[in-house]
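Asker: Structural data only, the sequence is not supplied:
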């Protein structure tokens, strides 16, 4: 996936207003097909697999023993009982070493079709694509190719992610383009997920960042067993030492990763992700702070030595 095809802002707006598609084949897929797959996922990852059933997807975390997030993961649970664990690309090997299963990443491509018109566009290519509900998982044959289609995505918009055998991916890509999907690159994917307040592993999540610090306590089912549970219970009792917040800056100058967040002349944290918001027409950022501030409170962001006025805002931005 390139940084952009014809321009990050135009691709971003196509997703918000109509339909864009992203080649996210770089994401991993670890397939668990044995009879103990569900139990292994349930006893390893943070969310409660018992809340869903075959034919559904779930967002979850793999933690280390200190409670840090080794990876944030989407689980696709097929009707057949097979479970596809979808880690971030660089973490595929470590996820497989923890859960077992088969790394089938190179055998398939994944195309994300996102936006308010995503299902309508996808249904032009295959009517069954348009019937897949939010966080549902379906096996659908298109043009002789066996696809797994999930109502998931990373843009804040409705849409689908279609896993298709690698050899058939180009045909599907071109069919979606002809139906009206705008090809979009990494730039738009990042600005879209930032507007939607979605975390990026390595920035808002990581081995030294816990789900509680990132405001993702809802991903943790404390009444189940998972790696890192004892550490998270201790942090829950004492309270996180820092928390992730949304920040809106004045003007078009974008905050960037690493910029200090300042309040009353004191550095209270740093930006983890920042950019210009095509929808809001000003800078937005997420970052960790240690101070006890509330939504609406004023801060500044130090952008290359210049303190830009900002305020804390509720996530998502859009």
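Answerer: Cool, got the structure. In this text, all values refer to a predicted model and were calculated from it rather than measured experimentally.
Asker: Identify the residues contacting stretch 153-160?
Answerer: Residues outside stretch 153-160 that contact it (C-beta atoms under 8 Å, 6 or more residues apart in numbering) are 15-16, 20, 24, 112-116, 118-119, 122, 129, 132, 134, 149-152, 161, 189, 192-193, 195-198, 316, 318. Bear in mind the C-beta positions are built from the backbone N, C-alpha and C, glycine included.
Asker: Mind checking which of the residues you listed are in helices?
Answerer: 15, 16, 118, 119, 122, 189, 192, 193, 195 (DSSP state H).
Asker: Nearest to residue 237 among the residues you listed?
Answerer: Checking the ones in helices among the contacts of stretch 153-160 against residue 237 by C-beta to C-beta gives residue 193 as the nearest, at 31.6 Å.
Asker: any idea how far the nearest residue to the closest one once chain neighbours are set aside lies from residue 242?
Answerer: Leaving aside its sequence neighbours, residue 193 sits nearest to residue 154 (C-beta to C-beta, 6 or more residues apart in numbering; 5.2 Å). Remark: distance between residue 154 and residue 242 (C-beta to C-beta, to the nearest Å) = 24 Å.
Asker: more crowded one of these two?
Answerer: residue 154 (20 against 17; other C-beta atoms under 10 Å).
Asker: now the more buried one: how far from residue 103?
Answerer: Separation of residue 154 from residue 103 (C-beta to C-beta): 21 Å.
Asker: what ranges do the helices span in the chain?
Answerer: 8-17, 37-42, 92-99, 118-125, 169-179, 186-195, 229-238.
Asker: quick one: buried residues of the first one?
Answerer: With burial defined by 16 or more other C-beta atoms under 10 Å, the residues of helix 8-17 counted as buried are 8, 11, 12, 13, 14, 15, 16.
Asker: Could you do the second one as well?
Answerer: The neighbour-count criterion (16+ other C-beta under 10 Å) identifies 37, 38, 40, 41, 42 as the buried residues of helix 37-42.
Asker: The residue lying closest to residue 231 once chain neighbours are set aside: how many residues sit nearby?
Answerer: Leaving aside its sequence neighbours, residue 231 sits nearest to residue 67 (C-beta to C-beta, 6+ apart; 3.5 Å). By the criterion of other C-beta under 10 Å, residue 67 has 26 neighbours.
Asker: residues in contact with residue 67?
Answerer: Contacts for residue 67 (C-beta under 8 Å, 6+ apart) come out as 210, 211, 212, 228, 231, 232, 235.
Asker: go on, residue 210?
Answerer: When the contact criterion is C-beta under 8 Å, 6+ apart, the partners of residue 210 are 63, 67, 68, 69, 231, 232, 235, 240.
Asker: any idea how far residue 293 is from it?
Answerer: Per C-beta to C-beta, residue 210 is found 20 Å from residue 293.
Asker: try residue 215
Answerer: Distance of residue 215 to residue 293, computed by C-beta to C-beta: 14 Å.
Asker: same question, residue 65
Answerer: 31 Å.
Asker: Comparing those two, which residue is more hemmed in?
Answerer: residue 293 (18 against 10).
Asker: Confirm for me that that one is in contact with residue 246.
Answerer: No - using C-beta atoms under 8 Å, residue 293 is not in contact with residue 246, being 11.6 Å away.
Asker: Mind listing the shared neighbours of these two?
Answerer: residue 312.
Asker: Now do the strands in the stretch 201-318 of the chain.
Answerer: Taking DSSP state E, counting those that start in this stretch, the strands of the stretch 201-318 of the chain run over residues 243-249, 260-263, 266-276, 283-289, 298-303, 306-313.
Asker: Thanks again, I'm all set now.
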